[in-house]
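>>> Just the structure for this:
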Amino acid sequence: MPLETVTEIKVKPEDIDELGHVNNKVYVSYLEKAREHWYSEAGLPFAVMKKRNLGTVVLKLDVFFKKEARLGDILNVITRPVRLGTKSFVLEQIIFNEANEAITEATITNVMFDTTVRKSTTVADEIARHFPK
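The predicted structure follows:
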């Protein structure tokens with residue numbers, strides 16, 4: 001069964017822009033934090049990747065901002081695997097507000113990366129096994 005994680009994030013003062021809501025660039029960091037959580041739950045936290053000279057590189061990031069988030073909001077980021085290739089994989093992420101409204105939807109294409117030779121490599125088994133067949 002595909003691994004789905006929920007990552008809770010509280011909106012902090014430094015996340016807010018001059019319009020009084022979360023700035024678009026901050027959502028990207030929320031999504032990154034949730035992907036880091038997903039990798040850990042999948043069995044391949046960043047510390048282990050580093051020891052194995054592995055990493056992930058974002059190849060494509062498609063974000064749809066549907067509704068604003070404000071200071072103090074508690075957000076839940078759902079991360080789920082969608083598609084697996086040989087060297088790349090796609091994750092879907094949805095950010096929900098406290099009213100359980102989807103406020104941001106994202107699709108991220110990642111490439112498994114060998115940090116020694118600085119090239120793409122086969123997706124690690126710890127990640128690959130969590131994708132739908």
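>>> in this protein, which spans are strands?
Using DSSP state E, the strands found in the chain span residues 5-10, 54-65, 74-84, 88-96, 102-114, 119-120.
>>> Tabulate these (a markdown table), appending mean neighbour count.
(Each C-beta comes from the backbone N, C-alpha and C, glycine too.) As requested, the strands of the chain are exported to a markdown table (neighbours: other CB atoms under 10 Å):
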| stretch | mean neighbour count |
| --- | --- |
| strand 5-10 | 15 |
| strand 54-65 | 14 |
| strand 74-84 | 18 |
| strand 88-96 | 20 |
| strand 102-114 | 19 |
| strand 119-120 | 12 |
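>>> Adding mean pLDDT and distance to Asn24, write the ones you listed out as a markdown table.
Shown next, in a markdown table, are the strands of the chain (pLDDT from 0 to 100; distance: least, CB to CB, whole Å):
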| stretch | mean pLDDT | distance to Asn24 |
| --- | --- | --- |
| strand 5-10 | 98 | 15 |
| strand 54-65 | 98 | 6 |
| strand 74-84 | 98 | 14 |
| strand 88-96 | 98 | 12 |
| strand 102-114 | 98 | 9 |
| strand 119-120 | 98 | 28 |
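>>> Dump those strands to CSV, plus distance to Ile16.
Shown next, in CSV, are those (distance: least, CB to CB, whole Å):
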stretch, distance to Ile16
strand 5-10, 12
strand 54-65, 15
strand 74-84, 13
strand 88-96, 16
strand 102-114, 15
strand 119-120, 37
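>>> just checking, what's the longest helix in the chain?
If you go by DSSP state H, the chain has its longest helix at helix 24-42.
>>> quick revisit: Glu126 is nearest to which of the strands of the chain?
Closest approach to Glu126 among the strands of the chain is made by strand 54-65 (9.8 Å; CB to CB).
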